[in-house]
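>>> No letters, just coordinates:
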């Protein structure tokens, strides 16, 4: 369902910047309230992460980063964290469903309120990130735009 407040035209660069500033303000307010980013890992994703981490001798933790690239402008990167590894100085840790997710602050703004899921189907197997901040996505779901 389309957002009724969304314009019937593509957003200008200034409108995108204003929206990004508003998300940053909201993320800052959320951090000050101590509520974190609202990121969640589903049972299926947590099970898959634990299974892979145990097989590879890694910790039950992932590092989620947002990079420029993909069809829609930004793409997700999820990597297992080695045993004994933790959040770097520029990262925050979010514990959800028994999994530690490490995010740098810029990435946290883009994924606030997201749900990380893992799906296995006839057409696709892998992580699916349901991101309420994404205004556009590519057909495979690996990249998004804001």
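Yep, it's here. The model shown is predicted, which means the values in this text are computed figures rather than measured ones.
>>> List the contacts of the longest strand anywhere in the chain.
Secondary structure of the chain per DSSP state E: the longest strand is strand 58-68. Identification of contacts with strand 58-68 by Cβ atoms under 8 Å, 6 or more residues apart in numbering yields 39, 49-50, 52-53, 74-85, 91, 98-104, 106-107, 110-111, 116. (Each C-beta comes from the backbone N, C-alpha and C, glycine too.)
>>> Okay, buried residues for the host helix or strand of residue 49 please.
For residue 49, the host element (DSSP states H and E) is helix 43-56. Using 16 or more other Cβ atoms under 10 Å as the test for burial, helix 43-56 gives 44, 45, 46, 48, 49, 53.
>>> do the same with stretch 118-137
Within stretch 118-137, the residues that count as buried by 16+ other Cβ under 10 Å are 118, 127, 128, 129, 131, 133, 134, 137.
>>> contacting residues around the fourth one?
Contact partners of residue 129, counting by Cβ under 8 Å, 6+ apart, are 76, 111, 114, 115, 116, 117, 141.
>>> which ones are touching the third one?
By that I understand residue 114. Per Cβ under 8 Å, 6+ apart, neighbours of residue 114: 38, 39, 40, 129, 130, 131, 132, 133.
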